[in-house]
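Student: Fold the following, please.
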Amino acid sequence: MRTVRFPAPAPVDLGVELIGVPAGSAIDLDLRLESVMEGVLVSGTAAVQLAGECGRCLEPVTDTLTVDLQELFAYPESSTDQTADEDEAARMEGDFLDLEPTLRDAVVLALPLTPLCREDCSGLCAECGERLDDLPEDHSHDAPDARWSGLQDLFGPTDNQEK
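Tutor: Sure, this is the predicted structure:
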């Protein structure tokens, strides 16, 4: 068994549309490598910095995320290597392992579907597009319903409308 800790640069496109890991930022890996009958079992954690935008108001969002990693990298000519399809099991490449697919799966699946700047974020006004949290409480857009315009022509403006 061997324990290793090291930073690695983040690959490109590690994330989803609203949030992800900035390319080249440090991924702190804390891993345990164990030799088992079929290959090398890698387990541990990866800590990443996240950057994106709020799913409600589009303000910038930053956060950290720690994910668990565990993957068996099969030795060449092992029974796992011979019986598993190409995409079913990770494989050793000489003395090297490619952790990127394992890391990508763990990080992307752990990302929030809708990242928020705050849990109580109100979002954007549907009419003007401004952040609701920045607008006064009495903010409104009184647009008359076009279906009632015939009555308005008959009776004139209501008390709520300008005369």
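Student: only C-alpha atoms for contact and neighbour calcs from this point on.
Tutor: OK.
Student: For this protein, which segments count as strands?
Tutor: Secondary structure of the chain (DSSP state E): strands at 2-9, 14-15, 19-21, 26-36, 39-53, 60-74, 90-91.
Student: Show me what the fifth one is packed up against.
Tutor: It stands for strand 39-53. With contacts taken as 3 or more Cα pairs under 8 Å, 6 or more residues apart in numbering; DSSP states H and E, strand 39-53 sits against strand 19-21, strand 26-36, strand 60-74.
Student: One more: the last one?
Tutor: In this structure, strand 90-91 packs against strand 60-74, with contacts taken as 3+ Cα pairs under 8 Å, 6+ apart.
Student: And the strand it packs on, what's buried?
Tutor: Of all the residues in strand 60-74, those buried under the rule 16 or more other Cα atoms under 10 Å are 61-62, 66-67, 69-74.
Student: measure Glu17 to Ser149 for me?
Tutor: The gap separating Glu17 from Ser149 is 43 Å, by Cα to Cα, to the nearest Å.
Student: Between these two, which has more neighbouring residues?
Tutor: It is Ser149, of Glu17 and Ser149, that has more neighbours when counted by other Cα atoms under 10 Å, with 13 against 10.
Student: how is this structure carved up into domains?
Tutor: 2-110, 125-156 (automatic domain parsing).
Student: what about the longest one, average pLDDT?
Tutor: Think domain 2-110. Per-region confidence: domain 2-110 scores 89 on mean pLDDT.
Student: got the angle between the longest helix along the chain and strand 26-36?
Tutor: With secondary structure taken from DSSP state H, the chain has its longest helix at helix 100-110. For helix 100-110 against strand 26-36, the angle by axes from the mean of the first three to the mean of the last three Cα atoms, to 10 degrees is 120 degrees.
Student: Let me have the helices and strands packed on strand 39-53 in JSON lines, adding distance to Cys121 as columns.
Tutor: Formatted as JSON lines, the helices and strands packed on strand 39-53 follow (distance: least, Cα to Cα, whole Å):
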{"stretch": "strand 19-21", "distance to Cys121": "17"}
{"stretch": "strand 26-36", "distance to Cys121": "29"}
{"stretch": "strand 60-74", "distance to Cys121": "12"}
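Student: what's the distance between the closest residue to Asp28 other than its chain neighbours and Leu29?
Tutor: Nearest non-adjacent residue to Asp28, counting by Cα to Cα, 6 or more residues apart in numbering: Pro7, 4.4 Å away. As for Pro7, its distance to Leu29 is 6 Å (criterion: Cα to Cα).
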